[in-house]
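Student: Sequence isn't available, so here's the structure alone:
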């Protein structure tokens, strides 16, 4: 039993809940006070280094989410059980947890190799992936700011493949995709907040991804959004020290490169 049962289908919830969660969670970061003592970059750095206005970032994210919602609707329609056979039976909680873990691994694997190739292929980087790196200083709102083709290949297809391979139901997909969205936004928030649960349980976190957005780490730390396993196995992991800046806040300093 879930709170939306009887009001909206699992398929519709799986389509639109991740979008709503994205703007709520990213908006929370936007509404926070400056919190300079927890920032990985100063506000001055953000203004000087980022090469795209926030209005363009918002438009780019909305475009990607439109594509994601369209693909999600088609995916759920194709995989939905016929009405005559009844609603899909929800697996037990342990089975759902295994499905979510499988989906996390599949998504990480897909995104690592596609992301890495977009850096290694000069044409793809110059004309497609460089759009995301215009946000040299990452921001929560810009977590899904990508070229439309990258958004389709990296995030939308990655999510679809994770859903199909894991065998999860639409109801489980609501949980998985909302969690993935929250994690992705958090990785781009630019804040090292005390007690952040993602920093405690995931090595692939805000500072880890911040390294990738900097010049020294551009060819490292490709893994996203959950684990760092492929970076470690394939030699693209860049360790770092998190140090306090003299003017306040933190800085993730690469230990090589």
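Tutor: Good, I have the coordinates. Everything quoted here is computed from the prediction, not taken from an experiment. Residues are numbered from 1 along each chain as shown.
Student: in the stretch 151-257 of the chain, which ranges drop under the pLDDT threshold?
Tutor: 257 (pLDDT under 70).
Student: Now do the strands in it.
Tutor: With DSSP state E, counting those that start in this stretch, the ranges of strands along the stretch 151-257 of the chain come out as 240-244, 250-254.
Student: Return the residues in contact with the nearest residue to residue 207 once chain neighbours are set aside.
Tutor: Nearest residue to residue 207 in three dimensions, chain neighbours excluded: residue 252, at 4.1 Å (Cβ to Cβ, 6 or more residues apart in numbering). The C-beta positions use only the backbone N, C-alpha and C, and glycine is treated the same way. Residues near residue 252 by Cβ atoms under 8 Å, 6 or more residues apart in numbering: 40, 207-208, 210-211, 214, 240-242.
Student: before we move on, the earlier item: which one of the strands of the stretch 151-257 of the chain lies closest to residue 21?
Tutor: Evaluated with Cβ to Cβ, the strands of the stretch 151-257 of the chain place strand 250-254 nearest to residue 21, the distance being 26.3 Å.
Student: buried set for stretch 218-229?
Tutor: Buried residues in stretch 218-229, counted by 16 or more other Cβ atoms under 10 Å: 218, 220-229.
Student: Quick check: the gap between the nearest residue to residue 217 once chain neighbours are set aside and residue 135.
Tutor: The spatial neighbour of residue 217 that comes closest, neighbours along the chain excluded (Cβ to Cβ, 6+ apart), is residue 211 at 3.8 Å. In this structure, residue 211 and residue 135 are 14 Å apart, going by Cβ to Cβ, to the nearest Å.
Student: go on, residue 123?
Tutor: Relative to residue 135, residue 123 is positioned 21 Å away (Cβ to Cβ).
Student: same question, residue 144
Tutor: 11 Å.
Student: and what of residue 121?
Tutor: In terms of Cβ to Cβ, residue 121 sits 21 Å off from residue 135.
Student: In terms of neighbours, single out the busier of these two.
Tutor: residue 135 (22 against 13; other Cβ atoms under 10 Å).
Student: For that one, give me its contacts.
Tutor: Counting by Cβ under 8 Å, 6+ apart, residue 135 has contacts 50-52, 57, 142, 145, 188, 213.
Student: Pretty sure residue 239 is one of the things residue 256 touches, is it not?
Tutor: Yes. Using Cβ atoms under 8 Å, residue 256 makes contact with residue 239 at a distance of 7.1 Å.
Student: so after the helix or strand containing residue 74, what's the next helix or strand?
Tutor: Take DSSP states H and E as the rule and residue 74 turns out to sit in helix 54-79. Moving toward the C-terminus from helix 54-79, the next helix or strand (DSSP H and E) is helix 93-120.
Student: What's the mean pLDDT across that next one?
Tutor: Mean pLDDT, helix 93-120: 98.
Student: now swap in stretch 37-51 and tell me
Tutor: Taken as a whole, stretch 37-51 carries a mean pLDDT of 94.
Student: Just checking the distance from that stretch to the centre of its chain.
Tutor: 20 Å (Cα atoms, centre = their mean, to the nearest Å).
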